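Chemist: sequence below, structure please.
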Amino acid sequence: MLQSVDYLDEILEAQHRHEQEMVLTYYASEVLEALDYQMNEGAEAISRAMRACAALHVSVELHFKRTYCWQEDQMQADWLLTPLASYFLIVNSDPSHPAVARAQLLLLKQRYSL
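Modeler: Sure thing, here's the model as predicted:
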């Protein structure tokens, strides 16, 4: 009987982690700004990140949501991203930009404790 309860706890914990990963947390404009990109320069990286999701059969609609923000007296299109989408955005950005290369190295260091 105790094993089934432990098993249910594991399932609930996994579901909770999954739900946290699906939260639209980041704005693409903020991620791109941290990478020294302008939003219009990052359009190709956003497109590649979406294609990466699609190639892995990960729902693009759950990880990328079109939104609009009021900036500098005008309406600006933006994207809300999940952590996975923001990761794909960083790794699909141009590594010839020094800030992008640093971000990609930081992701590698975090993953492999370098």
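Chemist: confirm Gln76 sits in a strand?
Modeler: Yes: judged by DSSP: H, G, I helix; E, B strand; the rest coil, Gln76 forms part of a strand.
Chemist: how about it, what does it touch?
Modeler: Going by CB atoms under 8 Å, 6 or more residues apart in numbering, Gln76 touches Ser29, Met39, Tyr68, Cys69, Trp70. All C-beta atoms are positioned from the backbone trio N, CA, C, and that covers glycine.
Chemist: tell me the helices and strands packed up against the helix or strand encompassing the first one.
Modeler: In this structure, Ser29 is located in helix 28-34 according to DSSP states H and E. Counting contacts by 3 or more CB pairs under 8 Å, 6 or more residues apart in numbering; DSSP states H and E, helix 28-34 is packed against strand 74-81, helix 83-91.
Chemist: which among those is found nearest to Pro98?
Modeler: helix 83-91 (13.7 Å; CB to CB).
Chemist: please consider this matter closed, and thank you.
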